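**Student:** Give me a model of this one.
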Amino acid sequence: MHIMSSAWTVSLDFTYDSKSTKGLPHEGSSTPFLAFNENPNNGGKFSPRDTPKGDFTQSVARAKHEFKMGNLFEAVLSQTFRRKLDKESTPSRLFRQLRSKNPSPYGFFFNLGEDEYLVGASPEMFVRCEKVENNDYRPGAIRVETCPISGTVARGVDALEDAARVKSLIMNLKEESELTMCTDVDRNDKSRICEPGSVKVIGRRQIEMYSRLIHTVDHVEGYLRPEFDALDAFLCHTWAVTVTGAPKTWAIRFVEENERSPRCWYGGAVGLVGFDGSMNTGLTLRTVRIKHGIAEVRAGATLLYDSDAEAEELETELKASAMLEAIDRITQTVESDNVAKTTTKGPGEGKTIILVDHEDSFVHTLGNYLRQTGANVTTLRSGPSALRTIQSLVDSGKKPDMVVLSPGPGNPTDFELSKTISLLEKNRIPGFGVCLGLQGMVEHFGGELGVLGYPMHGKPSPVTLTESGQSSDSIFSGMPKRFEVARYHSLYGLREKLPSCLDVTALTDDGIVMAIKHKTLPFAAVQFHPESILTSPVHGMTILQNALSVLSYESEHAMVKN
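**Tutor:** Prediction:
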């Protein structure tokens, strides 16, 4: 397995019935890899996939009928995606690409001869056997283990989004049912050959992460009865339920009737059998079969009665994407790697921001986010000193491009926030507020605050943008209409008491105001924390970038242009 970061060559001779391989040649002839355009065996014929886009959903519909009739519990249907390979896209380069970008427990590269190769990065153990001296049955009994994988979701953009997707996967009853049925069938396979009572689930719905996917995995073990060995264990589990379905025989028959092309090596196994009776095998999933200069990637989806046909087709495409991307990367020309990279300026480039700190515990993270826009950020502790500093900057011709009013404890009057906002109005400085900053704007412009019946401290909430919040000049421009945010507040702006000069731009499901903007002045604020881990960093940064882009005095822009 490649995760050992080492490789070696083993050369063996065998003797049987007075005959030996000793002295026979150990090397064969060398045959170069032929690209698609150079390969006479493909006849120039090529199709990018064996199942036209959209047709996979028809097979899902047929499967759901079988589920309804009780003929099947689950079925795994697959489809094949293809790429033409050029002379640079050799199988060995593809293996190196996979090993680097898509590491997995079972990496392999086989030259099968006759212009056929297998390159794989499989995530799933098939059957593993080893002798265990100390166990409950007998010294040296063979322990057999498997790790059925079923339940899939795409990786997020970062660890925070990964965590949210893990939560959604664990809470998904359909995904749980998939794995439950696979494991029940797997336990049944072991029960044919294992000691009574030895078959146990020792890991349930464990999370495994790969380059593009997150899977749920069970871990099952058993101890073989003395009359069975590792090969018996292998045969008893063939073919794996995670690539066929249940009941196995009926599911395999359904697969043969509904898939558009032979599976070839897909769903088989690779691995080793040891001279000590051990075995370690992985399923041939996430595997590229190369034949006649064409790379084939096959991927399947586990279907249940409550499957969504379009989602299942997308799952096969997602599972195949890492392999297809690895192929596409090695087909790119060397010149594309040397293209000069252009640096895009952030909306904060060349701008200065004053961040007023209201004795908050998150102000430096907020400042970090603001600096990522390219802006020069200075943090001032709220109070008369901060106001004098801001006025001094204005008087010296160094007026800040924006003042950000941070969150904080208490209420706006504790920090005389209205004085700060008055200073901004007087000097025509745009303002952006977070939590306490929003509350200060509400009170300053004539609104009233309320107290939540249940304080929302470190709690996530979905918010929905209003029509005003979806406008092109909103701080939410380019964002989804509905997204999740982090809340740390007890006070909030009463919607029915808001002054007419303020527009509501975002609301919770129960109608709590979560964002506002002034109708005529460049002031906006949010009642949530864009810098918290409960708010997607992508969304948080977008809000701050938009604030720097849209909150400005138009006359100031005109003066700059003139």
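**Student:** quick one: low-confidence parts of the stretch 151-300 of the chain?
**Tutor:** In the predicted model, the stretch 151-300 of the chain carries no residue with pLDDT under 70.
**Student:** can you give me the strands in it?
**Tutor:** Applying DSSP state E, counting those that start in this stretch to the stretch 151-300 of the chain gives strands spanning 200-209, 213-223, 245-246, 269-273, 279-283, 287-291, 294-303.
**Student:** for the ones you listed, which one sits closest to F108?
**Tutor:** strand 269-273 (5.1 Å; Cβ to Cβ). (Each C-beta comes from the backbone N, C-alpha and C, glycine too.)
**Student:** Show me which residues of that closest one are buried.
**Tutor:** In terms of neighbour count (16 or more other Cβ atoms under 10 Å), strand 269-273 has its buried residues at A269, V270, G271.
**Student:** I'd like these laid out as JSON lines, including distance to R143.
**Tutor:** Listed next are these as JSON lines, based on distance: Cβ to Cβ, whole Å:
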{"residue": "A269", "distance to R143": "18"}
{"residue": "V270", "distance to R143": "21"}
{"residue": "G271", "distance to R143": "16"}
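**Student:** So what touches the strand ranked longest in the chain?
**Tutor:** Using DSSP state E to define each element, the chain has its longest strand at strand 449-465. Outside strand 449-465, the residues that touch it by Cβ atoms under 8 Å, 6 or more residues apart in numbering are 411-412, 439, 442-443, 474, 476, 479, 481-494, 505-509, 512, 514-515, 528, 534.
**Student:** for stretch 18-30, same thing?
**Tutor:** S11, D13, F14, T15.
**Student:** Dump the strands of the stretch 151-300 of the chain into CSV; add distance to K519 as well.
**Tutor:** Shown next, in CSV, are the strands of the stretch 151-300 of the chain (distance: least, Cβ to Cβ, whole Å):
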stretch, distance to K519
strand 200-209, 47
strand 213-223, 44
strand 245-246, 60
strand 269-273, 66
strand 279-283, 61
strand 287-291, 58
strand 294-303, 50
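**Student:** L112 is nearest to which of the ones you listed?
**Tutor:** Using Cβ to Cβ, these put strand 287-291 closest to L112, at 9.1 Å.
**Student:** who does the closest one pair up with?
**Tutor:** Under the criterion DSSP bridges, strand 287-291 sits next to strand 116-122 (antiparallel), strand 294-303 (antiparallel) in its sheet.
**Student:** hmm, back to that, what's the closest of the contacts of stretch 18-30 to L405?
**Tutor:** Comparing the contacts of stretch 18-30 against L405 with Cβ to Cβ picks out S11 as the nearest, at 73.6 Å.
**Student:** Could you pull out the strands in the stretch 451-562 of the chain for me?
**Tutor:** Listed in chain order, the strands of the stretch 451-562 of the chain (DSSP E, counting those that start in this stretch) span 482-493, 502-508, 513-518, 523-526.
**Student:** between those strands, which one is nearest to E259?
**Tutor:** strand 482-493 (37.9 Å).
**Student:** And the closest one, what's buried?
**Tutor:** F483, V485, A486, R487, Y488, H489, S490, L491, Y492, G493.
**Student:** want to try CSV for the residues you listed, with distance to L380 and pLDDT as columns?
**Tutor:** Formatted as CSV, the buried residues of strand 482-493 follow (distance: Cβ to Cβ, whole Å; pLDDT from 0 to 100):
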residue, distance to L380, pLDDT
F483, 31, 94
V485, 26, 95
A486, 24, 94
R487, 26, 95
Y488, 21, 95
H489, 23, 95
S490, 25, 95
L491, 23, 96
Y492, 26, 97
G493, 25, 97
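**Student:** Same list, the residues you listed, but as TSV with distance to S549 please.
**Tutor:** Output for the buried residues of strand 482-493, formatted as TSV (distance: Cβ to Cβ, whole Å):
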residue	distance to S549
F483	19
V485	20
A486	23
R487	25
Y488	26
H489	26
S490	31
L491	29
Y492	27
G493	24
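**Student:** quick check: mean pLDDT across the host helix or strand of F432?
**Tutor:** Applying DSSP states H and E as the criterion places F432 in strand 431-434. For strand 431-434, mean pLDDT rounds to 97.
**Student:** now do stretch 389-409
**Tutor:** pLDDT averaged over stretch 389-409 gives 96.
**Student:** buried sites along that stretch?
**Tutor:** 390, 393-394, 399-408.
**Student:** go on, stretch 130-147?
**Tutor:** Quick answer for stretch 130-147 (16+ other Cβ under 10 Å): K131, Y137, A141, I142, R143, V144, E145, T146, C147.
**Student:** How much space separates the residue minimising distance to the centre of the chain from H529?
**Tutor:** Centroid-nearest residue in the chain, with Cα atoms, centre = their mean: R155, separated by 0.9 Å. Distance of R155 to H529, given as Cβ to Cβ, to the nearest Å: 25 Å.
**Student:** Kindly report the same for L283.
**Tutor:** Distance from L283 to H529, by Cβ to Cβ: 44 Å.
**Student:** Between these two, which has more neighbouring residues?
**Tutor:** Between L283 and H529, counting by other Cβ atoms under 10 Å, L283 is the more crowded of the two (26 against 23).
**Student:** I figured the more buried one hits A240, correct?
**Tutor:** Yes: shown here, L283 and A240 form a contact pair, counting by Cβ atoms under 8 Å, at 5.8 Å.
**Student:** so what sits against both of these two?
**Tutor:** E124, F126, G267, A269.
**Student:** Most neighbours among those, please name it.
**Tutor:** F126 (29 neighbours).
**Student:** Doesn't it lie inside a helix?
**Tutor:** No: read with DSSP: H, G, I helix; E, B strand; the rest coil, F126 is strand and lies in no helix.
**Student:** Let's have the strands paired with strand 287-291 in TSV, adding distance to R205 and mean neighbour count.
**Tutor:** Listed next are those as TSV, based on distance: least, Cβ to Cβ, whole Å; neighbours: other Cβ atoms under 10 Å:
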stretch	distance to R205	mean neighbour count
strand 116-122	20	22
strand 294-303	14	24
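**Student:** would TSV of those with distance to N37 be doable?
**Tutor:** Below are those laid out as TSV (distance: least, Cβ to Cβ, whole Å):
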stretch	distance to N37
strand 116-122	17
strand 294-303	11
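**Student:** any idea of the angle the longest strand of the chain forms with strand 482-493?
**Tutor:** 160 degrees (axes from the mean of the first three to the mean of the last three Cα atoms, to 10 degrees).
**Student:** Buried residues, strand 449-465. List them.
**Tutor:** Buried residues in strand 449-465, counted by 16+ other Cβ under 10 Å: L449, M456, S461, V463, L465.
**Student:** how much does it deviate in direction from strand 502-508?
**Tutor:** Using the same axes, to 10 degrees: strand 449-465 against strand 502-508 is 70 degrees.
**Student:** pLDDT averaged over strand 449-465 - what is it?
**Tutor:** pLDDT averaged over strand 449-465 gives 95.
**Student:** V270 pairs with what?
**Tutor:** Going by DSSP bridges, V270 forms beta bridges with G282.
**Student:** so what's it up against?
**Tutor:** Taking Cβ under 8 Å, 6+ apart as the test, what V270 contacts is Y106, F108, F110, L118, G120, S122, T281, G282, T284.
**Student:** Pull up the gap between it and A121, please.
**Tutor:** In terms of Cβ to Cβ, V270 sits 11 Å off from A121.
**Student:** which residues are in contact with both of the two?
**Tutor:** With Cβ under 8 Å, 6+ apart as the test, V270 and A121 both reach Y106.
**Student:** can you point me to the longest helix in this structure?
**Tutor:** When the chain is parsed with DSSP state H, its longest helix is helix 309-331.
**Student:** Who are the packing partners of it?
**Tutor:** Judged by 3 or more Cβ pairs under 8 Å, 6 or more residues apart in numbering; DSSP states H and E, helix 309-331 is in contact with helix 56-69, strand 74-84, helix 91-101, strand 149-154, strand 213-223, strand 287-291, strand 294-303.
**Student:** which one of the strands of the stretch 451-562 of the chain lies closest to E315?
**Tutor:** Nearest to E315, of all the strands of the stretch 451-562 of the chain, is strand 482-493, at 23.4 Å by Cβ to Cβ.
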